[in-house]
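Participant: no FASTA, just this:
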């Protein structure tokens with residue numbers, strides 16, 4: 001039996017890439033407040049990575065926001081963007097820069113909590129100025145990707161190497177009909193995956209119509225009203241029969257083992273071209289107000305990269321954590337993604353631009 005055959009037979013280990021992928025530079029910057037010139041700061045970070053125009057000029061750019069949990073659930077009464085949501089000012093700054101760099105179309109997406117309604121309404125409920133966001137650049141559009149929306153069907157994304165939990169995923173066509181895919185994340189810890197950064201953010205691209213607790217059995221439920229615990233976290237049932245089924249229903253049902261692997265699979269199947277992590281204001285010790293013991297913190301940091309594994313590795317290090325360590329209760333999704341060839345999590349190989357990593361650390365725990 002070859003090494004590859006052995007790993008495939010084990011079922012719980014990812015198929016290893018032929019070689020560790022090269023590391024890419026990551027830009028970091030201090031940013032104490034959201035009412036500063038975010039566009040100038042973010043533009044300077046893009047310049048440190050080689051410029052934005054070459055990445056997005058005359059292209060469709062799809063931006064996955066991080067709007068996790070109900071907009072009615074707030075921590076200490078603070079604005080959502082100051083704790084666990086994407087901050088609207090960061091989205092506005094990015095849209096402005098993309099428009100200036102020549103992006104043909106800018107599409108904001110999120111699989112909104114417990115609804116398949118318009119994303120614009122969800123943003124308004126979350127305290128966003130949607131009109132300002134639409135005016136930030138030409139041709140700004142919005143899609144709630146929690147169901148198939150106006151499309152006739154879903155797009156299927158196969159996991160390179162066959163995957164370890166799922167061989168592929170059926171997703172909203174916005175994730176297929178794009179040239180550049182952006183993940184806008186917050187600098188946070190996570191109960192199930194240790195940290196939640198640019199890769200964990202795209203766990204939310206899975207539509208609840210297929211992977212939600214009230215997903216249809218034989219066909220997707222196009223009006224989902226629940227989250228994604230039963231299928232993805234716990235493995236108590238399969239996705240809708242129209243989507244690829246789980247590879248091994250007898251494998252671990254632990255969310256700490258399943259979710260990091262699913263995240264790595266998604267990052268391999270739907271590559272992230274730009275990773276942005278907002279650590280200006282956020283929370284520590286968890287991903288949202290439903291986690292006991294979370295704290296409001298102000299690291300005053302921004303992180304930007306063109307590879308999600310390398311960017312998340314730097315983000316993890318900025319939190320005072322080792323990106324190559326084994327988390328207490330879960331698998332390390334950065335190492336899993338590295339093994340799948342998505343990117344490098346080796347800080348020794350990653351060039352950090354904009355400041356010395358050791359001088360920017362804000363310890364979360």
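Facilitator: On my side now, so go ahead. Worth saying up front: this structure is predicted, and the values here are computed from it rather than measured. Residues are numbered from 1 along each chain as shown.
Participant: okay, CA-based contacts and neighbour counts for the rest of this
Facilitator: Will do.
Participant: count of neighbours near residue 302?
Facilitator: Residue 302 has 24 neighbouring residues, counting by other C-alpha atoms under 10 Å.
Participant: assumed it was part of a helix.
Facilitator: No: counting by DSSP: H, G, I helix; E, B strand; the rest coil, residue 302 falls outside a helix, being strand.
Participant: wait, is residue 170 part of a strand?
Facilitator: Yes: remark: residue 170 belongs to a strand, assigned using three-state DSSP.
Participant: from memory it sits against residue 148, does it?
Facilitator: No: using C-alpha atoms under 8 Å, residue 170 makes no contact with residue 148, being 9.8 Å away.
Participant: which one of these two has more residues nearby?
Facilitator: More crowded of residue 170 and residue 148, by other C-alpha under 10 Å: residue 148, with 25 against 22.
Participant: residues in contact with the more buried one?
Facilitator: Residues near residue 148 by C-alpha atoms under 8 Å, 6 or more residues apart in numbering: 154, 171, 172, 173, 207, 222.
Participant: quick one: residue 103 from residue 274, how far?
Facilitator: 14 Å (C-alpha to C-alpha, to the nearest Å).
Participant: between those two, which is the more surrounded one?
Facilitator: residue 103 (25 against 21).
Participant: residues in contact with the more buried one?
Facilitator: Residue 103 touches 56, 57, 58, 59, 60, 61, counting by C-alpha under 8 Å, 6+ apart.
Participant: what stretches of the chain score poorly on pLDDT?
Facilitator: 1-20 (pLDDT under 70).
Participant: how about a cut-off of 50?
Facilitator: 1-16 (pLDDT under 50).
Participant: show me where it has its helices.
Facilitator: 3-10, 38-48, 53-56, 88-100, 119-125, 130-135, 198-201, 208-211, 255-269, 308-318, 333-339, 357-360 (DSSP state H).
Participant: buried deepest among these, which one?
Facilitator: helix 208-211 (a mean of 31; mean count of other C-alpha atoms under 10 Å).
Participant: residues contacting that one, please?
Facilitator: 111, 146-147, 170, 214-216, 219-228, 231-232, 239-240, 243.
Participant: just the buried subset of the residues you listed, written out for PyMOL, thanks.
Facilitator: The buried subset of the contacts of helix 208-211, as determined by 16 or more other C-alpha atoms under 10 Å, is captured in PyMOL by this line:
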select buried, resi 111+146+147+170+214+215+216+220+221+222+223+224+225+226+227+228+231+232+239+240+243
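Participant: the contacts of helix 208-211 in strands, which ones?
Facilitator: residue 170 (DSSP state E).
Participant: before we move on, the earlier item: any residues in contact with both of residue 170 and residue 148?
Facilitator: By C-alpha under 8 Å, 6+ apart, the residues touching both residue 170 and residue 148 are residue 154.
Participant: next, count neighbours for the residue nearest to residue 24 when sequence neighbours are not counted.
Facilitator: Excluding its sequence neighbours, the residue lying closest to residue 24 (C-alpha to C-alpha, 6 or more residues apart in numbering) is residue 350, at 6.0 Å. With neighbours defined by other C-alpha under 10 Å, the count for residue 350 comes to 18.
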